[in-house]
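Asker: model the structure of this input:
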Amino acid sequence: MIYTVGRLKRTAGALASGTAADLNQNEPSSEPTPTEQTVQSGISLSGVSKSYPVNGEMIPVLKNINLDIQQGEFISLVGPSGCGKTTTLRIIADLISPSSGTVLIGGQTPRQARLQRRYGMVFQSAVLYDWRTVIKNVMLPLEIMKLPRQEQLQRAEAMLDMVGLKDYATHYPGQLSGGMQQRVGIARALALKPDILLMDEPFSALDEFTREKLHEDLLQIWQKTHKTIVFVTHNIAEAVYLSDRVCVMSPHPGRISNIIEIGLPRPRNPQAKTSATFSAYVNLVRSSFEGV
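Answerer: Alright, predicted model coming up:
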């Protein structure tokens with residue numbers, strides 16, 4: 001799914017500050033205060049289904065999704081187009097609501113987690129503002145949060161340093177390669193200091209060499225930050241290399257048809273992709289689609 005600039009700003013606003021209704025309501029809130037926030041970032045989906053109205057008929061796009069993701073785990077959702085990978089991701093992020101079923105984020109509802117800014121999102125396209133410098137693009141959600149200017153700068157600089165773009169802070173997106181733009185998108189998501197990183201096919205538009213470099217960058221970031229990561233991809237080898245577990249999704253309607261634990265040792269390096277064990281896992285995931 002490719003996000004327009006306008007849609008990105010709305011999404012960033014939702015993740016950074018909640019909806020306008022959330023911010024302007026006058027009645028006392030039943031949401032937990034920051035001091036009550038659980039430190040757990042595990043994700044639990046139980047019986048989650050989603051349907052959309054089409055020509056007066058409700059069409060199911062997700063059916064009975066059951067999945068428990070542990071805190072700090074790296075999970076990939078793989079499957080063909082239309083199997084509901086992005087829909088599942090957006091339900092976790094509280095950008096859409098399920099038609100039925102429950103979702104808990106460390107014991108909280110997705111709305112509670114979103115209002116406490118526990119999510120960061122990275123999209124298929126970096127979707128940066130061309131007229132803003134790299135550092136100002138990273139600062140965007142922090143501006144929406146109305147953080148003090150100095151804190152915005154400190155967070156943005158720290159995240160650009162983490163993704164290896166500290167020297168490009170004053171460049172504009174048009175001066176960067178596609179891979180560098182995606183790093184800016186990752187830095188922008190991390191600037192929120194989220195517990196959970198949700199990634200929607202972030203490397204699909206990149207060439208193979210750039211994608212492999214970003215695999216290494218992402219694994220290093222994950223090892224440093226211990227974020228819980230939910231990663232959507234069509235690329236089976238990518239899912240196997242990055243993940244603790246690969247969740248295979250099948251369409252019509254979307255459902256989890258298999259979950260495969262990846263036993264490759266960590267930390268991983270590119271040489272792992274040449275091993276017989278790696279090939280066996282790729283084949284195992286691929287075979288999970290057969291007969292579905």
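Asker: low-confidence stretches in the stretch 51-200 of the chain?
Answerer: Within the stretch 51-200 of the chain, no stretch falls below the threshold (pLDDT under 70).
Asker: ranges for the strands of the stretch 51-200 of the chain?
Answerer: For the stretch 51-200 of the chain, applying DSSP state E, counting those that start in this stretch gives strands covering 57-69, 74-78, 100-105, 119-122, 196-200.
Asker: who is the residue most central in space within the chain paired with across the strands?
Answerer: Taking C-alpha atoms, centre = their mean, the centroid of the chain lies closest to L198, which sits 1.2 Å from it. When bridges are called by DSSP bridges, L198 pairs up with M121, V230.
Asker: if I look at it, how far off is A189?
Answerer: L198 is 8 Å from A189, where distance means C-beta to C-beta, to the nearest Å. In short, each C-beta sits where N, CA and C put it, glycine included.
Asker: give me the common contacts of the two.
Answerer: Shared contacts of L198 and A189, defined by C-beta atoms under 8 Å, 6 or more residues apart in numbering, comprise G120, M121, V122.
Asker: and these, which is closest to T228?
Answerer: G120 (10.6 Å; C-beta to C-beta).
Asker: the closest one: neighbour count?
Answerer: The local packing of G120 (other C-beta atoms under 10 Å) involves 26 other residues.
Asker: quick one: it and C83, what's the gap?
Answerer: To C83, G120 is 24 Å away according to C-beta to C-beta.
Asker: A239 now?
Answerer: In terms of C-beta to C-beta, A239 sits 13 Å off from C83.
Asker: same check, this time on M121
Answerer: From M121 across to C83, the span is 20 Å (C-beta to C-beta).
Asker: kindly report the same for V246.
Answerer: 14 Å.
Asker: ok, now V240?
Answerer: Counting by C-beta to C-beta, the gap from V240 to C83 is 18 Å.
Asker: how many residues are close by L190?
Answerer: L190 has 23 nearby residues by other C-beta under 10 Å.
Asker: OK, contacts around it?
Answerer: The contact partners of L190, by C-beta under 8 Å, 6+ apart, come to G120, M159, M162, V163, L197, I221, T225.
Asker: re the thing from before, show me which of the shared contacts of L198 and A189 is closest to P253.
Answerer: M121 (23.9 Å).
Asker: longest helix in this structure, please.
Answerer: Longest helix of the chain, by residue count under DSSP state H: helix 208-225.
Asker: that helix: which residues count as buried?
Answerer: Across helix 208-225, burial judged by 16 or more other C-beta atoms under 10 Å covers T210, R211, E212, K213, L214, H215, D217, L218, L219, I221, W222, T225.
Asker: can you check stretch 257-271 too?
Answerer: Buried positions in stretch 257-271, judged by neighbour count with 16+ other C-beta under 10 Å: S257, N258, I260, I262, R268.
Asker: could you do stretch 91-105 as well?
Answerer: Result for stretch 91-105 [16+ other C-beta under 10 Å]: buried residues I91, I92, A93, D94, L95, P98, S99, G101, V103, L104, I105.
Asker: from the residues you listed, which two are the most distant?
Answerer: Longest distance between any two of the buried residues of stretch 91-105 is 19.0 Å, between S99 and I105; criterion C-beta to C-beta.
Asker: now do the contacts for the closest residue to T277 other than its chain neighbours.
Answerer: Nearest non-adjacent residue to T277, counting by C-beta to C-beta, 6 or more residues apart in numbering: L264, 6.4 Å away. Listed by C-beta under 8 Å, 6+ apart, the contact set of L264 reads V240, Y241, A272, S275, T277, F278, Y281.
Asker: most neighbours, which of the residues you listed?
Answerer: Taking other C-beta under 10 Å as the neighbour criterion, V240 ranks highest of the contacts of L264 with 27 neighbours.
Asker: can you tell me the closest non-neighbouring residue to it?
Answerer: Nearest residue to V240, sequence neighbours excluded (C-beta to C-beta, 6+ apart): Y281, at 4.7 Å.
Asker: state the distance from the closest residue to K224 other than its chain neighbours to Q175.
Answerer: Leaving aside its sequence neighbours, K224 sits nearest to M162 (C-beta to C-beta, 6+ apart; 7.2 Å). Using C-beta to C-beta, M162 is found at 20 Å from Q175.
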